[in-house]
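K.L.:
Please work out how this folds:
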Amino acid sequence: MSPTEMPGAGGDRDNGAPALTGRILYLPVVALLVCFVIGALLVPGQLDGIAKARSAEELFLLAAAAVSSTGTRFGDEDYWPTIKAEFDEACQTARPGQRMEERVGRLLAARGMHREAVPYLVRGLDANPSYELAKTTAETAAQCGDTVAVTRGFTLARQLEPGNPDPYNSLGYYYAVQGIRLQEAESLVLTAIDLATGNRARYLPLYYDSLAWVYYRQGRLEEAWQAMQHVPLTLADPFIDQHRLAIQRALLEEGGAQPTEEGPAEAPLTESAPPTESAPGEGAGP
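P.N.:
All right, here's what the predicted structure looks like:
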């Protein structure tokens, strides 16, 4: 008897094929149903997140346009509270990846609204710390005399790049300009000088100017003048010129000998100047 003639041989094979085919078709259906259930649970949250992100972006753009076109005042009306409310809502509804606080802070700082920018920059720095943002926050805060934010920004910058002399010098110089924490200012600037090796050595004249100003504010005029001798006379910077003149005048008023100008002949690059010194009420002045 041949296999095809055996009872049930052909029948079993023929009946099994449809059953197997049904199981194969059943699996994609189950998978599709599972995906549908998962999607039903996840998609609303994702869509809500996208909607919030788009809403936050729209709020930011509307407020930014208002600040850029008309500022915060029009005639006698002050629109900053309204604009600030839109910025705040944008920050609250934005997703973390949008870095909304940082963007608002940078926008306001670029418009010269330093005092308004600082709180946003500080919150942005807390969320996404970086050397560049820490430095920007500190420099913006220096323009409005916010010593707490200046200290916080430059201190974080030092922690993130401990071998970089710039934040040491900048913080020490800021304290000297403000006439505060002068002992700490001296230590900071001396550290900057010690760290200024290699390519950074070309900025040493700027750091010595900071040191001279620290000594001047401490009343150590002879040491201030000696520090100023490391600053080239050809270095064109109005604030350095003011520092040199102030020290000279103070020495003359004190009755000391006429100071001689013996600064180095060559001027270095000035890409890393200390924070801008300005008059009281216009920035980080003394």
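K.L.:
For the stretch 51-200 of the chain, which segments count as helices?
P.N.:
With helices called from DSSP state H, counting those that start in this stretch, the stretch 51-200 of the chain shows them at 80-93, 100-110, 114-127, 131-143, 147-160, 166-178, 182-195.
K.L.:
tell me which strands and helices the fifth one is in contact with?
P.N.:
For helix 147-160, the packing partners by 3 or more CB pairs under 8 Å, 6 or more residues apart in numbering; DSSP states H and E come out as helix 114-127, helix 131-143, helix 166-178. For every residue, glycine as well, the C-beta is placed using N, CA and C.
K.L.:
Kindly recompute the last result at 10 Å.
P.N.:
Under the contact definition 3 or more CB pairs under 10 Å, 6 or more residues apart in numbering; DSSP states H and E, helix 147-160 sits against helix 114-127, helix 131-143, helix 166-178, helix 182-195.
K.L.:
Q229: which of the ones you listed is closest?
P.N.:
Closest to Q229 of the helices and strands packed on helix 147-160 is helix 182-195 (CB to CB; 13.8 Å).
K.L.:
C-alpha coordinates for the closest one, CSV please?
P.N.:
Only the C-alpha atoms of helix 182-195 are listed here, as CSV (Å, rounded to 0.1, in the frame of the first residue of the first chain):
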residue,chain,number,x,y,z
LEU,A,182,38.8,92.6,48.0
GLN,A,183,40.9,89.9,49.8
GLU,A,184,39.1,87.2,47.8
ALA,A,185,39.4,89.3,44.7
GLU,A,186,43.2,89.4,45.1
SER,A,187,43.3,85.7,45.5
LEU,A,188,41.1,85.1,42.4
VAL,A,189,43.2,87.4,40.1
LEU,A,190,46.5,85.9,41.4
THR,A,191,45.1,82.5,40.6
ALA,A,192,44.3,83.7,37.1
ILE,A,193,47.8,84.9,36.6
ASP,A,194,49.2,81.6,37.8
LEU,A,195,46.9,79.7,35.3
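K.L.:
Next secondary structure after it?
P.N.:
As assigned by DSSP states H and E, the chain's next helix or strand after helix 182-195 is helix 204-218.
K.L.:
average model confidence for that following helix?
P.N.:
For helix 204-218, the mean per-residue pLDDT is 98.
K.L.:
Equivalent analysis for stretch 65-84, please.
P.N.:
Mean per-residue pLDDT for stretch 65-84: 75.
K.L.:
measure it end to end?
P.N.:
Stretch 65-84 has its terminal residues 13 Å apart, counting by CA to CA, to the nearest Å.
K.L.:
picking that back up, would JSON lines of the helices and strands packed on helix 147-160 with distance to T93 and mean pLDDT be doable?
P.N.:
Below are the helices and strands packed on helix 147-160 laid out as JSON lines (distance: least, CB to CB, whole Å; pLDDT from 0 to 100):
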{"stretch": "helix 114-127", "distance to T93": "15", "mean pLDDT": "97"}
{"stretch": "helix 131-143", "distance to T93": "22", "mean pLDDT": "98"}
{"stretch": "helix 166-178", "distance to T93": "34", "mean pLDDT": "98"}
{"stretch": "helix 182-195", "distance to T93": "40", "mean pLDDT": "98"}
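K.L.:
Could you identify which of those is most buried?
P.N.:
Among the helices and strands packed on helix 147-160, helix 166-178 has the highest mean neighbour count (mean count of other CB atoms under 10 Å), at a mean of 26.
K.L.:
which secondary structure elements does that helix contact?
P.N.:
Applying 3+ CB pairs under 10 Å, 6+ apart, one finds that helix 166-178 makes contact with helix 131-143, helix 147-160, helix 182-195, helix 204-218, helix 238-253.
K.L.:
again, only this time at 6 Å
P.N.:
Helix 166-178 is packed against helix 147-160, helix 182-195, helix 204-218, with contacts defined by 3 or more CB pairs under 6 Å, 6 or more residues apart in numbering; DSSP states H and E.
K.L.:
can I get the ones you listed in a markdown table with distance to L233?
P.N.:
Listed next are the helices and strands packed on helix 166-178 as a markdown table, based on distance: least, CB to CB, whole Å:
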| stretch | distance to L233 |
| --- | --- |
| helix 147-160 | 29 |
| helix 182-195 | 20 |
| helix 204-218 | 10 |
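K.L.:
And those helices: which comes nearest V122?
P.N.:
Proximity of the helices and strands packed on helix 166-178 to V122 was assessed by CB to CB; the nearest stretch is helix 147-160, lying at 5.9 Å.
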